[in-house]
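Enquirer: predicted coordinates and the sequence they were generated for:
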Amino acid sequence: MAADGTTDGSSGKARRKGLSPIAWVAIGVGGGLAVVALLAVALFTFVWSITGEPVNAVNAFLTNVGKGRYEQAYKSTAPQFQAQHSLASFQAAMKRYGIDGFQSASWSSREISAGRATVSGTITARSGQKFPASALLVGAGKDWRVYALRFGGAGVTGDGPIAPGTPRQLPGDA
């Protein structure tokens, strides 16, 4: 038998070099799973990025309120909102709901459909208080405007208060 391992000394048959069939199957399965995982991450990243503009808009709105820049925040609301609420009533509602103490927000749910976006998550006030909230925005591209905010808390159902007012009809609804 030669030292290169080309024959088996007991039978004289040629010995295979390389990986066994089981190893090749394992590599194939592992590679396939890696591709699926990579595609899932890419899809998640794509969806998260296209829903980023409404999140940016509502975060800018809340930051303006939290820093006392009510006029800037008010200007970033939808025309339908402004038609229902004056700057003074808007400011009073932001104080009433504690949004004037806004520190940060974490949006765990994002949805865009037909010129409307809804983001839901948790708002944290400077006091440390956290409460569930959702924002409805209208627009498209980089021009999203806050249409309504909904705040919830312990014992508040899905029909809880909408601040600073309850929209009677969404844009585009018949």
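Expert: Structure's in. What do you need? Residues are numbered from 1 along each chain as shown.
Enquirer: so for the helix or strand Trp24 falls within, mean pLDDT?
Expert: Using DSSP states H and E, Trp24 sits in helix 21-50. Averaged over helix 21-50, pLDDT sits at 67.
Enquirer: what's the answer for stretch 98-113, then?
Expert: 89.
Enquirer: related to what we said a few turns ago, ok, then the element right after the helix holding Trp24?
Expert: helix 52-66.
Enquirer: does anything pack onto that next one? Which helices or strands?
Expert: helix 70-75, strand 102-113, strand 116-125, strand 130-140, strand 143-151 (3 or more CB pairs under 8 Å, 6 or more residues apart in numbering; DSSP states H and E). (Each C-beta comes from the backbone N, C-alpha and C, glycine too.)
Enquirer: identify all contacting residues around that helix.
Expert: Helix 52-66 is contacted by residues 70, 72-73, 76-77, 94, 99-103, 105, 107, 110, 112, 117, 119, 123, 126, 135, 137, 139, 141-142, 144-146 when judged by CB atoms under 8 Å, 6 or more residues apart in numbering.
Enquirer: for these, I'd like a selection string for ChimeraX - just the buried members, please.
Expert: In ChimeraX syntax, the buried subset of those is picked out as below (16 or more other CB atoms under 10 Å):
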select :70,73,76,77,94,99,100,101,102,105,107,110,112,117,119,123,135,137,139,144,145,146
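Enquirer: give the contact list for the nearest residue to Ala133 once chain neighbours are set aside.
Expert: Once flanking residues are discounted, Ala133 sits nearest to Ile123: 4.6 Å by CB to CB, 6 or more residues apart in numbering. Neighbour list for Ile123: Leu62, Ile99, Phe102, Ser104, Ala105, Lys130, Phe131, Pro132, Ala133, Phe151 [criterion: CB under 8 Å, 6+ apart].
Enquirer: how near is Ser89 to Gln82?
Expert: Noted for Ser89: a distance of 11 Å to Gln82, by CB to CB, to the nearest Å.
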